[in-house]
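S.K.: okay, sequence plus prediction incoming.
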Amino acid sequence: MTDVAKRANVSTATVSRALTQPDKVNPETLHLIHKIAAEMGFRPNLLGRQLRVGAAKTLLILVQDLSNPFFPELIKGAQAAALAHQYSIIVGDTDYLENQEKLIVELFLGGRVDGLIMSIGHLPVGLSAELAKSSPVVLISERIPDLDLPSVLTDNVRWARIAVEHLITHGHKRIAHIAGEASHSTARERSCGYREALQAAGLPIDPDYETEADFTYASGREAAARLLSMEPRPTAIFCASDESALGAIRGAQDVGLSVPKDVSIVGFDDSMLAGMATPPLTTIRQPRRDIGAAAVELAINMIDKQPPAQRHVQVDCTLIERESVAWCREE
C-alpha cells in the first residue's frame, strides 16, 4: 500500500479508502490508484484487516457446475463441519467461464474468505501455484497435475475396477465404457480402472467400446445409443457418472433395448436420482457429505496453523447393487 501511495503521490490512508471505500475518494484519484494497483499486482489485504478486528471465518467452495447432483450433498457436509467451527460457507459456481472463475477467486485473493476448497481440476485464473501451496487451499474430487495440495479424494481406479468386476461376475464379456472428459482426473482414473478390470479378467480392451462424454445425461444418452448400435453390441456399459448412466438407460431405450434384460448398466456416485431411476441404478456410492466435512477440517487446520493428521484424505466407497444389472444371456 505504501508503494502504491508513493507512485500515486498520495497518502496510504487515501489508498486504503480508494480500495475499500471508493465513494470517499474523488474520481480522478480513485482511477489513478486503481490503475497503479493493477499495474503493480496489488490487492488490499482484507484478511490482515479482518485479523485485527476478527477473522472472516468463511470458506469458499469453488465448483464448475452446481447443477451437478454430486455437489449438493457434499456442500451439506461441508456446511455442517464449518458451522461446528463457527465458520460459514460461500459456494462459487464458475459455470466453466474463465471470467466468472476469476471474479469468484478474487474473494480468496482479496482475503474476504479464509480458505479455498475447490473441485475444478486446474488452478483458477489468478491463483499461482506458489500462492496455492502457501495458502489454505484444499482439493476435492479432482487432482491438479504436478501440484501437491492437501486433498480429499476417492480411489477412482479401484472403485471403477470394482464396478466393472461386478459386471464381469455377471457373465459380461463385451463391456463398454462411457467416460468423462479426459481433462478431468476422475475420468482418467475411472477409465484406468475399467481397463484394469478387463485386463485382469483376460478380456480384450476394444477402443471402439470406449467413448468420451462429459458426465451429463445428454452425453450419456447419445453415447449409449451409438455404442448399442454397434455389431457386436456390448452387453454391459460402465458409466463414469450416474448422470451419464441415467442417460445411457434412455439411450438403450432409444434403440429398442431394455435395461437390464438386453444391456446392464453401472454408474458412479450414487446421486439422489440413482435409486429413483427405472430401473434403479447399480452404482458406486461416494460418501459426499464425508468428503465435504473432511475438506473443511483440512482447511481449518491450515488456517489455524495446525498440521493435519492426514494431508491427503482418501474416502471409502461402496458398491450399491440395484436392478440395472442382470446376468448376461449370451455365451
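M.R.: Perfect, thanks for sending it.
S.K.: show the backbone phi and psi for the residue most central in space within the chain.
M.R.: For the chain, the residue nearest the mean C-alpha position is Ser119 (3.3 Å; CA atoms, centre = their mean). Dihedral pair for Ser119: phi -140, psi 70, per degrees, to the nearest 10.
S.K.: and it, what are its bridge partners?
M.R.: Val63 (DSSP bridges).
S.K.: can you report how many residues neighbour Pro232?
M.R.: 7 (other CB atoms under 10 Å). (Glycine included, C-beta is placed from N, CA and C.)
S.K.: so what's Ala248 closest to, chain neighbours aside?
M.R.: Excluding its sequence neighbours, the residue lying closest to Ala248 (CB to CB, 6 or more residues apart in numbering) is Ala224, at 3.7 Å.
S.K.: look at that neighbour and give its secondary structure.
M.R.: With DSSP: H, G, I helix; E, B strand; the rest coil as the basis, Ala224 sits in helix.
S.K.: for the stretch 1-150 of the chain, give me the ranges with low pLDDT.
M.R.: Within the stretch 1-150 of the chain, the ranges that satisfy pLDDT under 70 run 20-21, 43-55.
S.K.: so which residues of the stretch 1-150 of the chain form helices?
M.R.: In chain order, the stretch 1-150 of the chain shows helices spanning 2-8, 12-20, 27-40, 46-53, 70-84, 98-109, 129-133, with DSSP state H, counting those that start in this stretch as the criterion.
S.K.: Thr216 against Leu246, yeah?
M.R.: No. Using CB atoms under 8 Å, Thr216 and Leu246 do not qualify as a contacting pair, with a distance of 9.8 Å.
S.K.: more crowded one of these two?
M.R.: It is Leu246, of Thr216 and Leu246, that has more neighbours when counted by other CB under 10 Å, with 27 against 18.
S.K.: pretty sure that one contacts Gly267?
M.R.: Yes. Leu246 lies in contact with Gly267 (CB under 8 Å); the separation is 7.3 Å.
S.K.: overlap in contacts, these two.
M.R.: Residues touching both Leu246 and Gly267 (CB atoms under 8 Å, 6 or more residues apart in numbering): 274, 281.
S.K.: strands of the protein, start to end?
M.R.: 58-63, 88-93, 115-119, 137-140, 151-154, 175-179, 210-212, 236-239, 264-266, 283-285, 312-315, 318-320 (DSSP state E).
S.K.: would CSV of the ones you listed with distance to Gln306 be doable?
M.R.: Compiled in CSV, the strands of the chain are given as follows (distance: least, CB to CB, whole Å):
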stretch, distance to Gln306
strand 58-63, 16
strand 88-93, 20
strand 115-119, 13
strand 137-140, 14
strand 151-154, 17
strand 175-179, 39
strand 210-212, 41
strand 236-239, 40
strand 264-266, 40
strand 283-285, 31
strand 312-315, 15
strand 318-320, 31
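S.K.: winner for burial among these?
M.R.: Scoring the strands of the chain by mean neighbour count under mean count of other CB atoms under 10 Å gives strand 236-239 as the most buried, with a mean of 30.
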